[in-house]
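1. Sequence and computational prediction follow.
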Amino acid sequence: MSSNTWHVQPIYATVIEILREKGSMTDEDLFEALRSFYKEVGMADLTKTLMKMEVTGLITVSSLTKDRRLVQLRKK
C-alpha cells in the first residue's frame with residue numbers, strides 16, 4: 001500500500017506564507033522551510049513551483065551566484 005499523503009494546501013500557497021512571514025530568502029533556505037511542511041518534496045518540485053509562480057507574477061527570482069537564487073514575494 002502506498003503511503004502518499006494528501007495535503008490540504010498546495011505547495012505554492014505554503015511558499016507564499018513562508019515568504020510573507022520571513023521575507024525574501026534563498027532557494028535553499030526556502031527549500032528547508034518547505035521541508036518542514038512537506039517531507040516528500042524535492043528540489044525539482046520547488047524549482048517547478050517557483051517557475052510557475054514567477055510566470056504568474058506572484059514572485060521574483062534573481063540569481064545570486066551560479067547555484068543560489070533569491071526568491072522574493074512581489075508587492076501588490
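-> The structure has been received and is ready for your questions.
2. got a list of what the residue positioned nearest the centre of the chain touches?
-> With distances taken as Cα atoms, centre = their mean, Val15 lies nearest the centre of the chain, 4.3 Å away. Shown in contact with Val15 (Cβ atoms under 8 Å, 6 or more residues apart in numbering): 30, 34, 46, 49-50, 53, 59, 71. In short, each C-beta sits where N, CA and C put it, glycine included.
3. try Leu50
-> Remark: with contacts taken as Cβ under 8 Å, 6+ apart, Leu50 is in contact with 15, 27, 59, 61, 69, 71.
4. if we go to 7 Å?
-> In this structure, Leu50 makes contact with 59, 61, 71, judged by Cβ atoms under 7 Å, 6 or more residues apart in numbering.
5. now Ile59
-> For Ile59, the contacting residues are 50, 53, 71-74, taking Cβ under 7 Å, 6+ apart as the criterion.
6. Among those, which one lies nearest to Gln9?
-> Comparing the contacts of Ile59 against Gln9 with Cβ to Cβ places Met53 closest, at 14.4 Å.
7. What count of nearby residues applies to that closest one?
-> Here the number of neighbours of Met53 (other Cβ atoms under 10 Å) works out to 21.
8. do Ile16 as well
-> Other residues within reach of Ile16, judged by other Cβ under 10 Å, total 16.
9. hmm, back to that, is the residue nearest to the centre of the chain in a helix, a strand, or coil?
-> Look at Val15: counting by DSSP: H, G, I helix; E, B strand; the rest coil, its state is helix.
10. before we move on, the earlier item: filter the contacts of Leu50 down to the ones in strands?
-> The strands, defined by DSSP state E, take in 59, 61, 71 from the contacts of Leu50.
11. and the last one, what are its bridge partners?
-> Read that as Val71. Val71 has the following beta-bridge partners by DSSP bridges: Met25, Val61.
12. how close does it sit to Lys22?
-> 10 Å (Cβ to Cβ, to the nearest Å).
13. Between the two, which is the more surrounded one?
-> Legend: neighbour count by other Cβ under 10 Å for Val71 and Lys22, higher for Val71 (22 against 12).
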